[in-house]
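Enquirer: the following block contains a protein sequence and its predicted model.
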Amino acid sequence: MSTPETATPDRKFVLPDPETFFHAQKRNRRATWRMSALCVFAALVMGIPLTLVLTPLLYGLTLVVADIINYFSPLPAEFWQNANDLANVAYRAADYLINQHGTLDVNGLIFAAVLMLAPGMVLAFLLWMGMRLLFRHGGVGGTLASLNAREPNQSDLKELQLANVAQEMAIAAGLPAPRVMLIDSGGANAAAIGTSAHDARIVLSRRLIDDLDRDQMQALLAHLVGSISNGDLHIAFTVTSVFEACGLIIALINAPFGKQSRSVLWRIIRYAFRGGSSDLQQADADEVAELLGSVLDDHKSDIDNFFSRQNPGLIRKFLRLIFFPFQFTNIAVELTLWVFLQILLGPCMALVWRTRRYLADASSVEFTRNADALATALQQLSEDSNAIDGGEWASHLFVVNPKGDSSLRGMAPQPAQMQKMLTAWRSTADSGYVPASASAAPEAGSNEWSRARREMMDTAMAAATGNDAAAVRMAAFAKLMGTTPSFGFHHVPDPADIEAASKGDHAAIERLRMLATARDRAERPASRRGQTGLQTHSFLSFHPPLGKRAKRLQKMGARLVAPQKQYSFGLKILMFALYAILAPLMVVAGAAMLAAVAIMIMLNLMFLGIWLTVIHWAFGQDWVGNYHGFMKVVDTLIKAFNHRGR
């Protein structure tokens, strides 16, 4: 009896490394724990140099206050003796670690480490917890106001259907249905905002309704609901509070030297103790968060303005002399935060957030059982403009990077869809408008599709500038297609908006205005576009490339194949050589930045010691007896620095 042959599947139709959405979720949750542990480690590493700046400042200010009190009411001799003993402990530890002089047991080293690190770490931790508690009840009212979000139009059936789809996805996730808000923006994007699932809001640009079909919109809403269900809002709130605490530290140091930092602190105090309506509190919370972000982003701080102002008066010159050491404190803090946020903590947080985007994609597939819908939705967003006015501070919350992602762009439509568009476009040729590109000589290598695509773009742009004949042709073309086609160009207005705006529709007029604003933003230099919010504090983007997301969705069953970059052998050799050269240079640059941080910390300690000496002498105290240990620590650090330099 013959044995039947086993059917061998054609490898062309087998998914590469197929993966279930349950396995993808499990893998990304494990990756989140690993990245979170890396973030904690990065925060501790960043805290060491930061506290080496903050702790001496705290001790110094404490001694200055003690000097002032002692001038009017003498303090016990035990206080000054304890201060001197603590300074001697720090001196012995520094001398032992740096110069290998003397002896120090393990308990002495632990005590010295606690003495130098604990006060600064406690201060940074309290500021961070304070930011969390302060903004936890702020809500999302101010956020929605900055985005100009609105409720769905009751007369627009498509907008009302969004709430039903969001409710279906919420039921699948076991969550209360989040409210859906719309933005009349030229960009196509969406985000989930809030602090928890109870106050979550889903914000979508109105353009998505026209650009995506129902399955794609459902998949996009499932991604956002999955993000809420997975606890991403809590993670985003924690990440944001870390950067806000860093901004608060800079504001505190700069407060004596300028109005901007004092204004920020005053707004925080007013928000903390102010009552009133919840809407007012939400608006205040959003404004305070924005101010703290601007303090961290500002490259010209109050203390810089204080020392760089030209033609200062006699009083200002005197104040500059007195507060000169604080300039090194400010530089040391800002340099430490910039270096460690850019090369350590910021990228670690970006990696955490990337794993959450992959996890939300897998959750979307779980809720919809349609990986292809989300993949094609991401491909459509890659073709569109994604910038949202007023949302720069929250760029990490959006589904797609607001500054755009071209990794899925340029993929041609399916042959059937292409033929449908060509047929529809030819049938509108007798509408009375002929674009200039139709009569131009065809470019070398261009085919019928590329020429028609260029004509569509020219006609759309003419319609946007007020050409009625072009608007009529675009409206007829959109009607034949059943939806607004995507030409692969950005900032193309919706023909329906052009027609509605000509009839006085205020919402359509606003969408066209926002589209023009997005186009203007896209024409700005690339170095300034999209570089706001948390993204400014990490060289690594918080958004994974859409191409990588499409590849992971392909493993879960999506038919969309992300474009593969093909490199020649010679180009691969060249890239390898460049990496071999750049990698050591990056290591050297990182080491140089760390050395700069160490230099600023030493200079800060030296000038702070001199400043304390002068202050103590001015109040007539015995500096040599009480602060001898502190100055010996400074002297040890200077000698160690000189020794390393040789």
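Expert: Received, thanks.

Enquirer: now the helix or strand in which Leu133 is found, how far from the chain's geometric center?
Expert: Per DSSP states H and E: Leu133 is located in helix 106-136. What separates the centre of helix 106-136 from the centre of its chain is 26 Å, taken as CA atoms, centre = their mean, to the nearest Å.

Enquirer: give me the helices and strands touching that helix, please.
Expert: Applying 3 or more CB pairs under 8 Å, 6 or more residues apart in numbering; DSSP states H and E, one finds that helix 106-136 contacts helix 21-72, helix 77-99, helix 232-254, helix 259-273, helix 278-297. For the C-beta atoms, the positions are set from N, CA and C on the backbone; glycine is no exception.

Enquirer: need those helices in TSV (columns: distance to Leu314 and mean neighbour count).
Expert: Formatted as TSV, the helices and strands packed on helix 106-136 follow (distance: least, CB to CB, whole Å; neighbours: other CB atoms under 10 Å):
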stretch	distance to Leu314	mean neighbour count
helix 21-72	24	17
helix 77-99	35	16
helix 232-254	23	22
helix 259-273	21	15
helix 278-297	30	19
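
Enquirer: checking the residue nearest to Gln342 when sequence neighbours are not counted next. Helix, strand or coil?
Expert: Residue nearest to Gln342 in three dimensions, not counting chain neighbours: Phe539, with 5.8 Å by CB to CB, 6 or more residues apart in numbering. Under DSSP: H, G, I helix; E, B strand; the rest coil, Phe539 falls in the coil class.

Enquirer: so Phe539 makes contact with Leu344?
Expert: No - using CB atoms under 8 Å, Phe539 makes no contact with Leu344, being 10.6 Å away.

Enquirer: got phi/psi on Gly557?
Expert: Backbone torsions of Gly557, given as degrees, to the nearest 10, read phi 120, psi 0.

Enquirer: so what's it scoring on pLDDT?
Expert: Listed pLDDT for Gly557 reads 84.

Enquirer: same deal with Asp286?
Expert: Model confidence at Asp286, given as pLDDT, is 64.

Enquirer: for the residue nearest to Gln342, grab the count of nearby residues.
Expert: 11 (other CB atoms under 10 Å).

Enquirer: against Phe318, how distant is Tyr71?
Expert: Going from Tyr71 to Phe318 by CB to CB, to the nearest Å gives 20 Å.

Enquirer: which residues touch stretch 537-551?
Expert: The contact list for stretch 537-551 (CB atoms under 8 Å, 6 or more residues apart in numbering) reads 243, 296, 341-343, 346-347, 349-351, 353-354, 357-358, 361, 375, 378-379, 381-382, 395-396, 398, 400-401, 405, 407-408, 534-535, 558, 560-563.

Enquirer: just stretch 377-384 next, same as before
Expert: Contacting residues not belonging to stretch 377-384 are listed as 187-189, 207, 211-212, 216-217, 219-220, 399-400, 405-409, 411, 486, 488, 490, 546, 549-550, 553, 560 [CB under 8 Å, 6+ apart].

Enquirer: tell me where the model's unsure across the stretch 101-250 of the chain.
Expert: Scanning the stretch 101-250 of the chain for pLDDT under 70 picks out 101-105, 137-146.

Enquirer: ok, back up a step: need the buried ones from the contacts of stretch 377-384 selected in PyMOL.
Expert: A single PyMOL command suffices to select whichever of the contacts of stretch 377-384 are buried according to 16 or more other CB atoms under 10 Å:
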select buried, resi 187+188+189+207+211+212+216+217+219+220+399+400+405+407+408+409+411+488+490+546+549+550+553+560
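
Enquirer: out of the contacts of stretch 377-384, which sit inside helices?
Expert: Residues of those located in helices (DSSP state H): 207, 211, 216-217, 219-220, 546, 549-550, 553.

Enquirer: which of the residues you listed sits closest to Pro119?
Expert: Distance to Pro119 across the ones in helices among the contacts of stretch 377-384 (CB to CB) is lowest for Arg549, with 44.4 Å.

Enquirer: so that closest one versus Ser407, what's the distance?
Expert: Remark: distance between Arg549 and Ser407 (CB to CB) = 9 Å.

Enquirer: quick one: secondary structure of Ile202?
Expert: Classification of Ile202 using three-state DSSP returns strand.

Enquirer: ok, how many other residues are close to it?
Expert: Per other CB under 10 Å, the neighbour tally for Ile202 reads 27.

Enquirer: residues contacting it?
Expert: Counting by CB under 8 Å, 6+ apart, Ile202 touches 166, 178-181, 190-192, 221, 224-225.

Enquirer: go again with 7 Å.
Expert: Ile202 makes contact with 166, 178, 180, 190, 192, 221, 224, according to CB atoms under 7 Å, 6 or more residues apart in numbering.

Enquirer: which single one of those residues is nearest to Leu44?
Expert: Distance to Leu44 across these (CB to CB) is lowest for Ala192, with 30.1 Å.

Enquirer: what's the neighbour count on the residue lying closest to that closest one once chain neighbours are set aside?
Expert: Leaving aside its chain neighbours, Ala192 sits nearest to Leu224 (4.4 Å; criterion: CB to CB, 6+ apart). For Leu224, the count of nearby residues is 29 (other CB under 10 Å).

Enquirer: relative orientation of the one helix or strand Leu224 maps to and helix 232-254 in degrees?
Expert: Here Leu224, judged by DSSP H and E, is contained in helix 214-229. Interaxial angle, helix 214-229 versus helix 232-254 (axes from the mean of the first three to the mean of the last three CA atoms, to 10 degrees): 60 degrees.

Enquirer: which residue is nearest the centroid of this protein?
Expert: Leu534 (2.8 Å; CA atoms, centre = their mean).

Enquirer: that one against His396, yeah?
Expert: Yes - with contact defined as CB atoms under 7 Å, Leu534 reaches His396; the gap is 5.3 Å.

Enquirer: checking Ala191 next. Helix, strand or coil?
Expert: The three-state label for Ala191, taken from three-state DSSP, comes out as strand.

Enquirer: close enough to count as contact, it and Leu397?
Expert: Yes - Ala191 sits in contact with Leu397 when judged by CB under 7 Å, with a separation of 4.3 Å.

Enquirer: pLDDT weak spots in the stretch 251-400 of the chain?
Expert: In the predicted model of the stretch 251-400 of the chain, residues 274-291, 293-300, 393 satisfy pLDDT under 70.
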